[in-house]
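> Got a predicted structure here, sequence first:
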Amino acid sequence: MTSKAQATDLLEGYRTGAISPVEATQDALDAIERYDEQVNAFVLVDAEGALAAAKESEARWHAGEPLGAGDGVPTSIKDALWTRGWPTMRGSTMIDEHGPWDEDAPCVARLKETGAVILGKTTTPEYSWKGVTDSHRYGATGNPWDPSKTSGGSSGGSATAVGLGMGAWSIGTDGGGSVRIPAAFTGTVALKPTYGLIALYPPSAFGTLSHAGPMTRTVRDTAALLDIVTGFDVRDWSAMPTPATSFLSGIDDGVAGLRIAYSSDLGFVDNQPEVEALVRAAVDVLADAGAEVTEVDPGFSDPVDAFNVLWWSGAAKVLSAYTVDDRVDPGLRRVAELGSSYSASDFLDATQVRMELGLLMGRFHQSYDVLVTPTLPITAFPIGQDVPDGWASPDWTSWTPYTYPFNLTQQPALSVPCGLTSDGLPVGMQIVGPRHADALTLRVGQAYQAATDWHSRTPTLEAR
């Protein structure tokens, strides 16, 4: 079985002939058939097209002429990114599924150019607006470790797909934690890269908070996928130049001598005790590997009010194009109404907070190479609700305090699995680097995974 193999291992197997892209694709499709009824990770699966693409890939590998570094890798795409010929419904009942759907998002185009096998599209909440994955259109997505729990969101379908071997890797989006939240809840790996490193088109209504990001089982696969999906695209006015160096270069250089700041709570967060203990133990692993670890807070207060102004304003912009009725997520309706009440001055005040936070973190990283925190203060809670039982706030941002600050600052932030609680639920550690230090951020994550085996633990979901 290859369904839970790393993409980098699949590619080596293709090169040697030990593994076939057709075999790997069929195994991924078998996993979808076996598990997806329980977890609802996919909104569209094109088995026929995937197998046809896999056969073409197999022929290229046999000829010694692969298209690129992802040729034949079974891949899924979050249903928030355009895919030519397939509808992108974004979990919404308001979008016309007839299209036209005649363009690929930049990262989807890069994947196709490298020969990746696109299996289908994964679930997302309506317009990716919240930190869990459910919608009126497609229902809720369950966690690979316990389908009665949420996968997180908004890229929950992608995280669950990767976690259950429904393809080796996926591309999600992250406007406030949307690849890192589900990675932490599902025991997978995800990177929100420096803003602009992965071009986005069409632009998000949530503006420059929104990033695309790779979602995989290992840090090495994350770096390999990042190599593929980065690249300048004229359709994105803020796209960075195509990187000149592979993100795999230097990934095994370790952490000896690196200055790592560890903040257990950013100075304002309450963690579940097991989450805090597991992340602290993970930081000890980095110290044992030679890093100079200092326990220190960056020194900012919770920027949630500023983030909410920007995010709720985006929600209002999303809904402004439609006649809104009860088919729209009630939470989205609620925050869009709040967003429509903000003034331009409110928006600029929030932007000022954002700029000050960016300045603070820029100076912080003059003293520390990376910052390590929990990815989330909690573990996965029951499926189909926006917040845990008995939670004081209805807002998803109330339980994601470690993720959205770094959308405001546009820094790279990586979530890696660092343990399982006593009830068998995954916990994530977040590694935050300075802007443009994506390779360094990945290097720290790789050093942790080289010393541990949490990334190799897989859920034992029984097929029905």
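It's in.
> so where do the helices sit in the stretch 351-464 of the chain?
Taking DSSP state H, counting those that start in this stretch as the criterion, the stretch 351-464 of the chain contains helices spanning 405-408, 438-451.
> Off-centre distance for the last one?
I take that to be helix 438-451. Its chain's C-alpha centre and that of helix 438-451 lie 17 Å apart, by Cα atoms, centre = their mean, to the nearest Å.
> Tell me where the model's unsure across the stretch 301-450 of the chain.
Low-confidence segments of the stretch 301-450 of the chain, defined by pLDDT under 70, are absent; every residue clears the threshold.
> Just list whatever residues bridge to the nearest residue to Phe406 once chain neighbours are set aside.
What sits nearest to Phe406 in space, not counting adjacent residues and going by Cβ to Cβ, 6 or more residues apart in numbering, is Ala413, at 4.5 Å. Where you see a C-beta, it was placed from the backbone N, CA and C, and this is true even at glycine. Beta-bridge partners of Ala413, counted by DSSP bridges, are Lys192, Val432.
> CA atoms of stretch 455-464 as PDB?
Listed in PDB are the C-alpha atoms of stretch 455-464, where the atom choice follows Å, rounded to 0.1, in the frame of the first residue of the first chain:
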ATOM      1  CA  HIS A 455       4.500  12.600  12.000                       C
ATOM      2  CA  SER A 456       4.600   8.900  11.300                       C
ATOM      3  CA  ARG A 457       1.700   8.100  13.600                       C
ATOM      4  CA  THR A 458      -1.500   7.500  11.500                       C
ATOM      5  CA  PRO A 459      -5.100   7.200  12.600                       C
ATOM      6  CA  THR A 460      -6.700   3.800  12.700                       C
ATOM      7  CA  LEU A 461     -10.100   4.700  11.300                       C
ATOM      8  CA  GLU A 462     -12.000   1.500  10.500                       C
ATOM      9  CA  ALA A 463     -13.500   1.300   7.100                       C
ATOM     10  CA  ARG A 464     -17.300   0.900   7.000                       C
END
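> Give the closest residue to Ala161 in space, chain neighbours not counted.
If you skip the residues right next to it in sequence, Ala161 has Ala41 as its closest partner in space, 4.4 Å away by Cβ to Cβ, 6+ apart.
> Just the pLDDT for the residue nearest the centre of the chain.
Most central residue of the chain, judged by C-alpha distance to the mean C-alpha position with Cα atoms, centre = their mean, is Val179 at 1.9 Å. You'll see Val179 listed with a pLDDT of 98.
> List the residues that contact it.
Under the criterion of Cβ atoms under 8 Å, 6 or more residues apart in numbering, the contact list for Val179 reads Ser155, Ser158, Ala159, Gly172, Thr173, Ala190, Leu191, Lys192, Gly213, Pro214, Met215, Ser415.
> and the third one, what element?
Read it as Ala159. In this assignment (DSSP states H and E), Ala159 forms part of helix 156-163.
> Against which helices or strands is that helix packed?
strand 42-45, strand 74-78, strand 117-122, strand 169-174, helix 180-186, strand 211-216 (3 or more Cβ pairs under 8 Å, 6 or more residues apart in numbering; DSSP states H and E).
> 6 Å - rerun?
strand 117-122, strand 169-174, helix 180-186, strand 211-216 (3 or more Cβ pairs under 6 Å, 6 or more residues apart in numbering; DSSP states H and E).
> Lovely, talk soon.
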